[in-house]
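S.K.: A structural model of the following input is requested.
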Amino acid sequence: MSRLTFINRIRELDALERAWKNESAGLMICYGRRRVGKTELIKEFLENKQGLYFLADRLTEKENLRILTRLSGLFFDDRFLSEFTDWYVFFDYLKAKLSKRAVLVIDEFPYLVETNKALPSVFQKGWDEVLRNLPILLILCGSSVGMMERETMAYGSPLYGRRTGQILVLPLRFEAFGLFFPGASFSRRMELYSISGGIPAYAKLLNGNLDARQNFIEKVLEPEAYLFKEAELILKEETREPRQYFSILRAIALGKRKVGEIVNECRIEKTSLHKYLYLLEELRILEKRFPVTESNIEKSRQGLFFLADRYFSFWFDFVFPYRSDLTFGNKKPSIMRFDQAFVHHVASAYEEVGQYVLTKFEKQLFPFHRIGRWWDRTREIDIVAIDETGHEILFAEVKWSSKKVGTDIFEDLVAKSAAVPGEYRRRFYALLSRSGFTSSMIRLAREKNVLLIHQEERV
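M.R.: Residues are numbered from 1 along each chain as shown. All right, here's what the predicted structure looks like:
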């Protein structure tokens with residue numbers, strides 16, 4: 001696999017390399033949502049290294065140990081290896097055989113825990129009594145984010161305090177994602193990003209030579225297409241009551257962002273809703289956001305729920321409501337919805353990308369200690385960045401429109417910014433536009449030192 005796949009994975013690879021070069025035994029935790037590229041990251045890291053890679057499956061513990069026995073026999077060239085009867089036998093085998101530095105990867109560790117709830121305790125004992133004294137880098141990897149955090153890193157876990165490092169593998173940022181589509185225009189890269197959410201496995205399925213609409217029809221709407229059922233399969237795998245989660249996510253996709261609104265839309269008891277919301281947040285599918293100026297979010301009543309996963313947001317808007325039609329080959333309702341609303345979906349993604357674009361100019365402005373959206377009951381501002389120590393603040397509007405941005409947008413931004421609480425010594429303003437700016441806005445920007453960004457570059 002080419003290095004291109006790991007653009008924006010340099011930090012993760014460097015962390016693994018540092019752990020590898022350390023002479024002491026290491027226990028790294030590597031986790032992140034499904035399809036985000038954890039396994040490919042590990043495989044890239046294992047290039048030219050002595051490494052035993054074991055991918056666990058939803059089998060019995062005995063069957064998983066049988067597979068591990070076969071892989072160990074191949075790794076150590078041990079043709080007469082007897083089957084491991086338990087994990088302690090495996091650890092003792094490593095002690096007897098391992099004489100030089102090697103990597104041991106246990107991928108999808110949560111699958112093993114599902115079949116044996118005591119396994120974290122088993123690995124804790126194995127680490128304390130055997131593995132920590134070997135020339136080994138042990139990597140426990142998993143896609144169930146919540147379970148990985150609970151079973152390997154949380155205070156109550158038997159493995160707590162044993163890890164020497166951890167890596168949360170996140171979706172690719174826009175600038176790295178775009179490299180999957182060399183030569184594609186900014187607008188096309190932005191549209192494809194808004195469909196796939198920066199997940200490498202999804203990016204590989206999309207065609208940079210086709211526009212978003214055609215990609216949608218060919219790569220998503222076909223019942224046999226990978227992306228047609230992907231969100232559904234993930235939810236069914238990660239949850240015990242998928243129907244309730246489907247209902248909640250659909251409500252949020254429709255704009256029901258407060259707990260009361262979700263309760264009314266889904267007709268779920270408020271006391272039950274919180275457990276569903278908590279798990280969706282654990283899975284990084286859902287995110288509760290607060291106005292960026294909120295200093296005490298634990299007591300804030302301004303929190304709103306958003307679909308944090310861009311692919312899930314897309315799927316619940318353009319696929320989920322039309323599954324029955326699509327199953328019988330009727331794509332028209334879904335395509336009509338796409339033609340009507342996709343531009344708004346991309347606009348939302350551009351606001352997210354805009355935060356990363358603006359961070360390029362921190363050195364020219366001030367350090368962004370906090371950056372995000374701001375709102376109150378009647379107004380909202382797409383991006384607000386704050387320097388908490390210097391009392392400096394930046395206000396920005398992001399426009400995904402076919403029209404050039406004029407002075408009216410800037411004047412409206414200035415008016416709204418007056419409602420943002422706090423006393424700041426200096427105020428900065430920025431406008432981000434897909435289609436550029438009117439000549440009058442460019443002149444005004446020069447007079448008032450307004451930062452103008454066309455797509456992703458400064459004007």
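S.K.: where along the stretch 301-450 of the chain do the helices fall?
M.R.: 310-318, 323-327, 332-358, 407-417, 439-448 (DSSP state H, counting those that start in this stretch).
S.K.: want to throw the ones you listed into TSV with mean neighbour count, mean pLDDT and distance to Leu13?
M.R.: From N, CA and C alone the C-beta is placed, and that goes for glycine too. Converted to TSV, the helices of the stretch 301-450 of the chain look like this (neighbours: other CB atoms under 10 Å; pLDDT from 0 to 100; distance: least, CB to CB, whole Å):
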stretch	mean neighbour count	mean pLDDT	distance to Leu13
helix 310-318	23	96	24
helix 323-327	13	92	39
helix 332-358	18	96	21
helix 407-417	15	97	40
helix 439-448	14	97	40
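S.K.: out of these, nearest to Gln214?
M.R.: With CB to CB, the closest approach to Gln214 among these belongs to helix 332-358: 10.8 Å.
S.K.: still on that earlier bit, of the helices of the stretch 301-450 of the chain, which approaches Tyr53 most closely?
M.R.: helix 310-318 (27.2 Å).
S.K.: elements contacting that closest one?
M.R.: helix 186-196, helix 226-238, helix 242-253, helix 332-358 (3 or more CB pairs under 8 Å, 6 or more residues apart in numbering; DSSP states H and E).
S.K.: which one of those lies closest to Phe428?
M.R.: Using CB to CB, those put helix 332-358 closest to Phe428, at 10.1 Å.
S.K.: show me where pLDDT drops low in the chain?
M.R.: Residue ranges of the chain with pLDDT under 70: 1-8, 390.
S.K.: now do the strands in it.
M.R.: Along the chain, the stretches classed as strands by DSSP state E are 26-31, 51-55, 102-107, 136-142, 165-168, 286-289, 304-307, 370-375, 380-387, 392-399, 426-433, 451-454, 457-458.
S.K.: would you reformat these as a markdown table and include distance to Phe320 and mean neighbour count?
M.R.: Shown next, in a markdown table, are the strands of the chain (distance: least, CB to CB, whole Å; neighbours: other CB atoms under 10 Å):
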| stretch | distance to Phe320 | mean neighbour count |
| --- | --- | --- |
| strand 26-31 | 27 | 23 |
| strand 51-55 | 30 | 18 |
| strand 102-107 | 30 | 21 |
| strand 136-142 | 27 | 25 |
| strand 165-168 | 27 | 18 |
| strand 286-289 | 15 | 17 |
| strand 304-307 | 12 | 20 |
| strand 370-375 | 25 | 18 |
| strand 380-387 | 26 | 21 |
| strand 392-399 | 27 | 22 |
| strand 426-433 | 30 | 20 |
| strand 451-454 | 34 | 19 |
| strand 457-458 | 36 | 11 |
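S.K.: for Phe361, which of those strands is the nearest?
M.R.: Of all the strands of the chain, strand 451-454 comes closest under CB to CB, at 6.4 Å.
S.K.: just give me how far that closest one sits from the chain centre.
M.R.: Here strand 451-454 is found 27 Å from its chain centre; the criterion is CA atoms, centre = their mean, to the nearest Å.
S.K.: which strands or helices does it pack on?
M.R.: helix 332-358, strand 426-433, helix 439-448.
S.K.: please repeat the previous calculation with a cut-off of 10 Å.
M.R.: helix 332-358, strand 392-399, strand 426-433, helix 439-448 (3 or more CB pairs under 10 Å, 6 or more residues apart in numbering; DSSP states H and E).
S.K.: nearest to Pro200, of the ones you listed?
M.R.: helix 332-358 (16.9 Å).
S.K.: sorry, back to before: of the helices and strands packed on strand 451-454, which approaches Thr293 most closely?
M.R.: Of the helices and strands packed on strand 451-454, nearest to Thr293 by CB to CB is strand 392-399, at 8.9 Å.
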